[in-house]
Every structure is written in C-alpha cells, then in structure tokens.
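# coords below, sequence missing:
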C-alpha cells in the first residue's frame, strides 16, 4: 500500500522510496525527494559520486533521461 509522506512537514532532506509495491513498477526503480537545503549541501560537496551523482541525475531529468537504463 501507499500513504502520504510529508517530507517538508517532517523536515526530511533526502527521501528514497521503492516503487515496486504501491506503484506496481519493476524492482529497482526508485523515487528520490531532495530538499533545497540538501541540494545546497550537494552543490558544496567537491567529491562527486560515480555510482549515483545527484547533480548529474537532476541535469539528465530536465532532458527526460536517466543516468543509466531504468
């Protein structure tokens, strides 16, 4: 099942949720919520992750693309 997740009300900076149960999507697909405060921290970090780079994922999302095959 699914339920509301008030990340702003709870002051959650980053929330990752799996989609395979409630949304009946394939396993491995995830939804990520990132607060403005977390984005600022990500931008200040000089070390970029190869495995999951939030900045690259955000840039690609504007092009309706993903960093890897979903």
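Thanks, I have the structure now. Keep in mind it's a predicted model, so treat the numbers as computed, not measured.
# residue 17 is in what secondary structure piece?
strand 14-18 (DSSP states H and E).
# what's the average pLDDT for that strand?
For strand 14-18, the mean pLDDT works out to 90.
# ok, and what's touching that strand?
For strand 14-18, contacts defined as CB atoms under 8 Å, 6 or more residues apart in numbering pick out 5, 7, 27, 29, 30, 31, 32, 33, 34, 35, 38. All C-beta atoms are positioned from the backbone trio N, CA, C, and that covers glycine.
# next, count neighbours for the fifth one.
Just to be clear, that refers to residue 30. Residue 30 has 13 neighbouring residues, counting by other CB atoms under 10 Å.
# contact partners for it?
Neighbouring residues of residue 30 by CB under 8 Å, 6+ apart: 16, 17, 18, 19.
# what of the last one?
The neighbourhood of residue 38, defined by CB under 8 Å, 6+ apart, consists of 13, 14.
# related to what we said a few turns ago, and the buried ones among the contacts of strand 14-18, selectable in ChimeraX?
For the buried members of the contacts of strand 14-18, the matching ChimeraX selection, counting by 16 or more other CB atoms under 10 Å, is:
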select :34
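# sketch out the low-pLDDT regions of the chain for me.
70 (pLDDT under 70).
# can you give me the strands in it?
14-18, 30-34 (DSSP state E).
# between which two of the contacts of strand 14-18 is the distance greatest?
Across these, no pair lies farther apart than 27 and 35, at 26.5 Å, counting by CB to CB.
# save the contacts of residue 30 as TSV, and put in neighbour count too.
TSV is the format used below for these (neighbours: other CB atoms under 10 Å):
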residue	neighbour count
16	10
17	14
18	13
19	15
